[in-house]
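Peer 1: Model the structure of this input:
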Amino acid sequence: MRRVLVIASLAALALAATAHAGGWATVELSSTPKGMAAGQVWDVRLTVLQHGVRPLAGIEPTVLIRKGAVARSFRARPTATTGVYRARVVFPSAGRWTWKIDDGFTRVHGYAPVVISAAT
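Peer 2: Predicted coordinates:
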């Protein structure tokens, strides 16, 4: 009986390891929001690569922005190029905003805060 439990435990660990194998991605950006003004559209392309190499299709990356209690999310849509997604992001007001990219695969990528200028 003990041997069965040991084998079952090892099998469970192997399955868990397999489920997480290949479980990370990189995100390359066509631009950053640096220099943006409130209300201006930041048209950004996200290239999501599994292991930094293989373009990932069929995922739903999201750009997340926050300033205090104000938070917005912008879903990136697939382009004609596999692994490349496009988001149109608008910072609604001037000030210091944090921003992140949820790669739609395994994790959220954080970036340095950005200062958005007043609308012109």
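Peer 1: in what helix or strand does V27 lie?
Peer 2: Assigned by DSSP states H and E, V27 belongs to strand 25-29.
Peer 1: Beyond that strand, next helix or strand please.
Peer 2: Helices and strands here follow DSSP H and E; after strand 25-29, the next one along the chain is strand 41-50.
Peer 1: Name the next helix or strand downstream of that next one, please.
Peer 2: strand 54-55.
Peer 1: Contacts for that next one, please.
Peer 2: For strand 54-55, contacts defined as Cβ atoms under 8 Å, 6 or more residues apart in numbering pick out 47-49, 81-84. The C-beta positions use only the backbone N, C-alpha and C, and glycine is treated the same way.
Peer 1: Of these, just say which sits nearest to I59.
Peer 2: V48 (6.3 Å; Cβ to Cβ).
Peer 1: dump the residue contacts of the closest one.
Peer 2: Counted by Cβ under 8 Å, 6+ apart, V48 has contacts 25-27, 55-56, 59, 61, 83, 85, 103-105.
Peer 1: Next one: S30 from V89, what distance?
Peer 2: 12 Å (Cβ to Cβ, to the nearest Å).
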